[in-house]
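Enquirer: just to be clear, the model below is a prediction. Sequence and coordinates:
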Amino acid sequence: MYIAAAILSIVLAAVALVAGAPKVVLKGPSAQLQSHMSLGPGLIRFIGLAEVAATVGLIIGLFWQPLGIAAAVAFAVLLIGAVGFHVKAGDYANPATRNHSMTPIVLAVVSVAAAVTLTLAM
């Protein structure tokens, strides 16, 4: 079970880092978040920091599993918030943006799976 937890944690950590780092420095897709989702730069930077913190927590959680569980659950909560913002922006009703908006749902499920497998691996 630990191998599955490690694989899920590493994949989630990589995704969180790739998604969070540009938001911290307000580069890349953060401009789209400002215009399309009506998010301010402070909130975007906070979301990016939370994603980078999830990366750190998931990696350290490979060695100290309670931290990994907490990081996976917190990342799932963050992603559920992202789903809420996509709903508010109407992305799930628009066929052009629906596929891109499914990413937080899939990652939230993977994050919950990582938390469960880390718990079972203890």
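Expert: Structure's in. What do you need?
Enquirer: so, low pLDDT: which residues of the chain?
Expert: By pLDDT under 70, the low-scoring segments of the chain are 29-37.
Enquirer: my read: residue 104 touches residue 82, true?
Expert: Yes. Between residue 104 and residue 82 there is a contact under C-beta atoms under 8 Å: 3.9 Å. Every C-beta, even on glycine, is put in place using the N, C-alpha and C of the backbone.
Enquirer: now stretch 39-59: buried residues?
Expert: Buried residues in stretch 39-59, counted by 16 or more other C-beta atoms under 10 Å: 39, 44-45, 47-48, 50-55, 57-59.
Enquirer: name the nearest of those residues relative to residue 78.
Expert: Among these, residue 50 lies closest to residue 78 (C-beta to C-beta), at 5.5 Å.
Enquirer: wait, what's in contact with the closest residue to residue 1 other than its chain neighbours?
Expert: Distances taken as C-beta to C-beta, 6 or more residues apart in numbering place residue 121 nearest to residue 1, at 4.5 Å, with adjacent residues excluded. Contacts for residue 121 (C-beta atoms under 8 Å, 6 or more residues apart in numbering) come out as 1, 2, 4, 5, 65.
Enquirer: and residue 13, what is it in contact with?
Expert: Shown in contact with residue 13 (C-beta under 8 Å, 6+ apart): 54, 55, 58, 59.
Enquirer: need the residues you listed in TSV with secondary structure and distance to residue 16, can you?
Expert: TSV is the format used below for the contacts of residue 13 (DSSP: H, G, I helix; E, B strand; the rest coil; distance: C-beta to C-beta, whole Å):
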residue	secondary structure	distance to residue 16
54	helix	4
55	helix	5
58	helix	7
59	helix	10
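Enquirer: can you tell me which of those residues lies closest to residue 72?
Expert: Closest to residue 72 out of these is residue 58 (6.5 Å), distances taken as C-beta to C-beta.
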